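Colleague: Give me coordinates for this.
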Amino acid sequence: MKNDVTVPPDKNTNYIPHQEWYNTMITAGVGKKNKTTVIQLLKGGPKMNITILAAYEYPEQVNVLITSRDKFGDVVYCRYFDKFKKEIGVPFKSVVFPEYNVHCLRRNDAAYVSLTDDPDEDFEYPVPIIDRTQPEIAHFFSVCVAPIYGNESKWLMLAELIEHYKLQGASHFYVYSKYIDEYSRILLDDYVRTGEAEV
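Modeller: Sure, this is the predicted structure:
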């Protein structure tokens, strides 16, 4: 799938696309599961910790997926971290919408992101931001090979397996090997050299 969006060298974004539409949907309660219990009505209910599943960087924004329930419409703050996991910049105020998604702005040098309910509270373990800004994916179909053990010769089996899956459309292979024979290692090293495998 070809994407014609070009990513500027300055990764900072200043707004979330379609923010007015998101605000309208949140106000209308679209997508909200109304599961209010009597205890929640009386006590207000406990505030659930935010558990982050993953973060994906797109040309317009960073989308953070969470697994925490009943956070729809809650105000949260995107916290940004560099590659050394040191916090950078000012937290960005956002909202959980739809049910398990938070839209954050992009930031230069941000390699990790975390979410908090308040801009200055302690944050959970930050997750890496996965780059989805490239116009084309590196590998459409990759194969993970089961772990290879033992010193007996496996070069023929490996060559047959890799070449068979290449005919099926695979373009990359992930191989885990331990105690492999020398000739099989030479074969794997050649696939690594051509960029077809990671060992």
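Colleague: show me where the chain has strands.
Modeller: Per DSSP state E, the chain carries strands over the ranges 52-57, 62-66, 75-81, 87-95, 101-104, 112-116, 127-131, 142-148, 172-177, 197-198.
Colleague: In CSV, list those strands along with mean pLDDT, mean neighbour count and distance to Met157.
Modeller: Glycine gets a C-beta too; all of them are placed from N, C-alpha and C. What follows is those, written out as CSV (pLDDT from 0 to 100; neighbours: other Cβ atoms under 10 Å; distance: least, Cβ to Cβ, whole Å):
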stretch, mean pLDDT, mean neighbour count, distance to Met157
strand 52-57, 91, 17, 35
strand 62-66, 93, 20, 38
strand 75-81, 94, 22, 43
strand 87-95, 92, 17, 48
strand 101-104, 93, 22, 43
strand 112-116, 95, 22, 40
strand 127-131, 90, 15, 33
strand 142-148, 87, 14, 9
strand 172-177, 89, 17, 12
strand 197-198, 88, 18, 14
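Colleague: Please pick out the residue of the chain most distant from its centre.
Modeller: Using Cα atoms, centre = their mean, the residue of the chain lying farthest from its centre is Glu152. It sits 38.5 Å away.
Colleague: And for Asn151, the neighbour number?
Modeller: Look at Asn151: counted by other Cβ atoms under 10 Å, it has 10 neighbours.
Colleague: The nearest residue to it once chain neighbours are set aside: neighbouring residues, count only.
Modeller: Using Cβ to Cβ, 6 or more residues apart in numbering and skipping the chain neighbours, the partner closest in space to Asn151 is Asp181 (5.3 Å). By other Cβ under 10 Å, the residues close to Asp181 number 16.
Colleague: Report the separation between Asp181 and Glu87.
Modeller: In this view, Asp181 and Glu87 are 48 Å apart by Cβ to Cβ, to the nearest Å.
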